[in-house]
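Q: My questions concern the predicted model and sequence given below.
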Amino acid sequence: MTDLPNGMDEIKDRLLDAALMHVPFDGWSEAAFRAAIADAEIEPALARAACPRGAVDLALAYHARGDDEMVRRLAETDLSALRMRDRIATAIRFRLETVDDKEAVRRGATLFALPQYAADGARALWQTADRIWTVLGDSSDDVNWYTKRASLSAVYSSTVLYWLGDETPGAHATWEFLGRRIDGVMRFEKFKAQVNGAKLLKPFLIGPNWLARQIKPPHKPAQMGLPGTLKPQGAE
């Protein structure tokens, strides 16, 4: 066998590269994981150490790799002249364009639809939305931190499902679908602003708005996942 690279991340990368040849046929399965171990020429014990849950961990690594590439492309692109809705659309488009083989994504959607892996799939979607908002400079520090990511997770997941079945040249239909979904979110946000600005409703919104301001985002989203923290009493 060849010499192994240093670090579990490198081992996982090698396993992922090898597994992608088998996923279209075997899915993100134990069979694909074992084939990747053999093709990458890695000791099974080391492979299991790097990926304790086997192919599930590789599927999550594949998703994270796509997020990394999206962030890299966004960092290299001047978005300053774009409206926020167009920046979001660009980010989602970049994310989907990182995919070389739709079947790997389709197999991943099947895997994370299973009840035992649904939480992993939801967390991966949330992390994608969080990375998009972070790179776009979101500075929200209350309940809006959560609502923005929840809305974007819904837009992204529905767009992925549409894109998987889209056979139009250049995925033209997908980008039109994405535009409609973002427009829907923007209309809802405009409606929320109108409700909050309505003078007759302001007395009824004092309590809910105060509570919303007390909800704080995680200090370390990448490490802490979804939960938020309440602002301590007496804090400014």
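A: Structure's in. What do you need? Numbering: from 1, shown residues only.

Q: Break the chain into its domains for me.
A: Under the assignment automatic domain parsing, the domains of the chain span 1-52, 53-230.

Q: Please render those as CSV that adds mean neighbour count and mean pLDDT to the earlier fields.
A: Quick note: C-beta positions are derived from backbone N, CA and C, even for glycine. Listed next are these as CSV, based on neighbours: other CB atoms under 10 Å; pLDDT from 0 to 100:
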stretch, mean neighbour count, mean pLDDT
domain 1-52, 17, 90
domain 53-230, 15, 84
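
Q: that's a strand at residue 81, yeah?
A: No: counting by DSSP: H, G, I helix; E, B strand; the rest coil, residue 81 falls outside a strand, being coil.

Q: Quick check: the gap between it and residue 87.
A: Distance, residue 81 to residue 87, using CB to CB, to the nearest Å: 10 Å.

Q: What lies in contact with the strand or helix carrying residue 86?
A: Counting by DSSP states H and E, the element that carries residue 86 is helix 84-97. Helix 84-97 has contacts (CB atoms under 8 Å, 6 or more residues apart in numbering) with 66-67, 69-70, 73-74, 77, 79, 82, 128, 132, 135-136, 152, 155-156, 159-160, 163, 171, 174-175, 178-179, 182-183, 186.

Q: got it, and stretch 15-27?
A: Residues contacting stretch 15-27 (CB under 8 Å, 6+ apart): 28, 31-33, 35-37, 39-40, 42, 47, 50-51, 55, 58, 61-62, 65, 101, 103-104, 107, 110-111.

Q: from the middle of its chain, how far away would it be?
A: Computed by CA atoms, centre = their mean, to the nearest Å, the chain-centroid distance of stretch 15-27 equals 21 Å.

Q: Could you look up the SS state of residue 139?
A: Applying three-state DSSP: residue 139 is coil.

Q: Torsion angles phi and psi at it?
A: Per-residue torsions, residue 139: phi -120, psi 10 (degrees, to the nearest 10).

Q: so where do the helices sit in the protein?
A: For the chain, the helices defined by DSSP state H occupy 8-19, 23-26, 30-40, 44-50, 55-75, 84-97, 102-112, 118-135, 143-164, 172-197, 202-214, 221-224.

Q: quick one: the first one to helix 55-75, angle?
A: In this case it means helix 8-19. Inter-element angle recorded for helix 8-19 and helix 55-75: 100 degrees (by axes from the mean of the first three to the mean of the last three CA atoms, to 10 degrees).

Q: and the gap between residue 38 and residue 74?
A: Taken as CB to CB, the span from residue 38 to residue 74 is 37 Å.

Q: How about residue 122?
A: From residue 122 over to residue 74 (counting by CB to CB), the distance is 23 Å.

Q: Excluding covalently adjacent residues, which one is nearest to the residue nearest the centre of the chain?
A: Central residue of the chain (CA atoms, centre = their mean): residue 128, 2.1 Å from the mean position. With CB to CB, 6 or more residues apart in numbering as the criterion, residue 128 has its nearest non-adjacent residue at 5.4 Å, and that residue is residue 67.

Q: Verify the contact between that neighbour and residue 131 for me.
A: Yes: assessed by CB atoms under 8 Å, residue 67 is found in contact with residue 131 at 5.3 Å.
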